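Asks: Quick one, structure for this:
(one chain, ligands or ions: 1)
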Amino acid sequence: MKFPSFDLERIQSIYENSVEINLTESGIEPLSLKELMNPKELEELLNLPLGYGYTQGTPLLRQRISNLYEGADENNVLVTSGSSEAIFLSAVLTVSKGDRVVMMTPNYLSFNGVAEALGAEVDYVPLLKKEKWEWDLDCLDEAVSDKTKVISVCNPNNPTGSVLNLEQMLKIVEIAGRVGAYLLVDEVYIGAELGSNLTKSFLGMYEKTIVTSGLSKSYAHPGLRIGWIISGKRFVEEAWAIKDYTTIASSSLSQHIATKVLEPETITKLRSRTKVLLNKNLETFSKWILPYSNHLSFLKPEAGGFAFVEYDMDINSTDLVHDLRKNEGVFIVPGDSFGIDKYFRIGLGHESIGFSKGLDLLSEGLTRVFPEKFT
Ligand SMILES: Cc1ncc(COP(=O)(O)O)c(C=O)c1O
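Replies: As a prediction, the model looks like this:
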């Protein structure tokens with residue numbers, strides 16, 4: 001079994017903690033425990049026994065997760081170690097050697113890597129920038145055949161920030177239903193909308209839907225490593241049986257804290273903090289990019305915490321990123337890492353001072369590398 005390298009995670013793991021400004025963080029500025037919990041709750045935490053606990057997730061945590069979805073209960077939920085484990089378990093359960101799977105691109109390239117390692121072939125179907133990053137559903141229809149086991153969707157999409165509308169969701173469900181494929185939907189960015197409408201979940205729209213999500217992005221707690229699968233009860237039980245081999249249980253300490261994160265009042269507070277931060281940084285970013293608009297362009301994201309920027313300079317995106325990192329100490333992620341060159345991703349979820357400083361460094365770097373275009 002051979003895993004292709006997961007370029008996005010590799011490049012981030014190597015550089016994001018050592019650069020001066022990481023301008024590409026894909027989540028929202030995390031909170032400390034002191035900001036999240038009151039003194040009584042912190043005291044409770046100190047007395048928490050550090051056992052394995054419930055390996056599928058505590059009943060209360062699973063119930064709070066299920067409350068985020070219509071028509072689900074705790075039996076539909078498996079708590080995982082990050083949504084990455086949720087994606088991994090879902091892939092292992094649905095994909096076998098010789099299968100085909102279809103994936104939206106550009107995308108967070110996790111599921112495809114596991115599917116390849118399992119011996120499947122991946123058909124990539126593009127989101128189109130000229131169509132406001134809408135998914136090419138005619139192309140999806142053509143790509144899906146009787147051999148297609150899984151259609152993998154990321155909604156809201158990382159890195160474009162686009163969100164499917166109901167009509168598109170229904171069409172995707174129809175295409176999956178035509179061949180009985182699983183619909184594996186990464187919804188980790190639900191809750192990070194810049195406007196007022198919460199993105200609709202695919203859960204409940206189709207029997208073979210598997211939703212993966214977690215607390216790392218919209219809910220600002222990646223360090224907890226809490227994610228989940230929410231799907232039919234049988235699928236969840238099968239995924240739990242595989243989790244016995246991967247991590248047995250997610251951290252009991254993290255599950256306790258996650259239960260607090262998912263209290264209704266905390267969810268409301270976190271969602272509105274996320275919205276304020278994203279909109280403020282989007283405004284700063286939109287002003288920053290204006291003088292460069294002959295060479296850089298992006299479509300305002302609907303959700304998700306990033307701006308995906310297209311450029312017209314004659315340089316590969318990974319080369320550009322390393323040049324800026326080495327010389328200006330600012331780190332952005334190359335389009336290459338999402339399956340598309342001539343783009344880079346800026347994270348909008350940073351606290352604002354670091355964000356502005358990062359943009360200044362980016363200006364310095366672009367002016368240094370392309371003086372004729374950026375001075
Ligand atoms: C779209 C998407 N899905 C899943 C993940 C995995 O995140 P985690 O394992 O922290 O939940 C990421 C991380 O960047 C992501 O961007």
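
Asks: drop to CA atoms for contacts and neighbour counts, all remaining ones
Replies: Fine.

Asks: and the chain, which residues reach the ligand?
Replies: Taking C-alpha under 6 Å from any ligand atom as the criterion, the chain approaches the ligand at residues Gly82, Ser83, Ser84, Tyr108, Asn158, Asp186, Val188, Gly214, Ser216, Pro222, Arg225, Gly227.

Asks: who wins for neighbours among those?
Replies: Gly214 (30 neighbours; other C-alpha atoms under 10 Å).

Asks: thinking it is in contact with Gly223, fair?
Replies: No: with contact defined as C-alpha atoms under 8 Å, Gly214 and Gly223 do not form a contacting pair (11.3 Å).

Asks: What backbone torsions are found at Phe374?
Replies: phi -120, psi 10 (degrees, to the nearest 10).

Asks: How about it: what's its closest non-neighbour residue?
Replies: Using C-alpha to C-alpha, 6 or more residues apart in numbering and skipping the chain neighbours, the partner closest in space to Phe374 is Thr367 (4.8 Å).

Asks: contacting residues for the one you found?
Replies: By C-alpha atoms under 8 Å, 6 or more residues apart in numbering, the contact set of Thr367 is Lys373, Phe374, Thr375.

Asks: What is the three-state secondary structure of it?
Replies: For Thr367, the secondary structure call by DSSP: H, G, I helix; E, B strand; the rest coil comes out as helix.

Asks: Check what pLDDT it gets.
Replies: Predicted confidence (pLDDT) for Thr367: 97.

Asks: now stretch 87-105, how far from the chain's geometric center?
Replies: Centre-to-centre, stretch 87-105 and its host chain are 17 Å apart (C-alpha atoms, centre = their mean, to the nearest Å).

Asks: list the buried ones in that stretch?
Replies: For stretch 87-105, a neighbour-count test (16 or more other C-alpha atoms under 10 Å) marks 87-92, 94-96, 99-105 as buried.

Asks: likewise stretch 360-368?
Replies: Under 16+ other C-alpha under 10 Å, the buried positions of stretch 360-368 are Leu361, Leu362, Ser363, Glu364, Gly365, Leu366, Arg368.

Asks: swap in stretch 171-190?
Replies: Going by 16+ other C-alpha under 10 Å, stretch 171-190 has these buried residues: 172-173, 175-176, 180-190.

Asks: Pick the one among the buried residues of stretch 360-368 closest to the ligand.
Replies: The shortest approach to the ligand among the buried residues of stretch 360-368 belongs to Leu362, at 21.9 Å (C-alpha to the nearest ligand atom).

Asks: Can you tell me how far that closest one is from Arg325?
Replies: As for Leu362, its distance to Arg325 is 9 Å (criterion: C-alpha to C-alpha, to the nearest Å).

Asks: what's the top helix by length along the chain packed up against?
Replies: Longest helix in the chain, counting residues (DSSP state H): helix 264-289. Applying 3 or more C-alpha pairs under 8 Å, 6 or more residues apart in numbering; DSSP states H and E, one finds that helix 264-289 contacts helix 352-369.

Asks: ok and the helix it packs on relative to helix 264-289, angle-wise?
Replies: Interaxial angle, helix 352-369 versus helix 264-289 (axes from the mean of the first three to the mean of the last three C-alpha atoms, to 10 degrees): 30 degrees.

Asks: Just the helices from the chain, written as ranges.
Replies: Along the chain, the stretches classed as helices by DSSP H are 7-15, 33-36, 39-46, 59-66, 82-94, 111-117, 137-143, 166-179, 233-246, 252-261, 264-289, 317-328, 352-369, 371-374.

Asks: Quick check, Gln56 in contact with Trp240.
Replies: Yes: counting by C-alpha under 8 Å, Trp240 is a contact partner of Gln56 at 6.3 Å.

Asks: picking that back up, among the residues of the chain next to the ligand, which pair sits farthest apart?
Replies: Within those, Asn158 and Arg225 form the most distant pair, 18.6 Å apart (C-alpha to C-alpha).

Asks: OK, contacts around the nearest residue to Leu366 once chain neighbours are set aside?
Replies: Excluding the flanking residues, the one nearest Leu366 by C-alpha to C-alpha, 6+ apart is Phe374, at 6.3 Å. Residues in contact with Phe374 (C-alpha under 8 Å, 6+ apart) are Tyr292, Ser363, Leu366, Thr367.

Asks: do the same with Thr148
Replies: Asp99, Arg100, Val101, Val102, Val179, Ala181 are the contacts of Thr148 under C-alpha under 8 Å, 6+ apart.

Asks: Just the closest of the buried residues of stretch 87-105 to Ile28, please.
Replies: Of the buried residues of stretch 87-105, the one sitting nearest to Ile28 (C-alpha to C-alpha) turns out to be Ile87, at 20.9 Å.

Asks: Surely that closest one and Tyr108 touch.
Replies: No: applying C-alpha under 8 Å as the test, Ile87 and Tyr108 come out as separate, 11.0 Å apart.

Asks: the domain parsing of this structure - what is it?
Replies: If you go by automatic domain parsing, the domain ranges for the chain are 7-31+266-364, 51-262.
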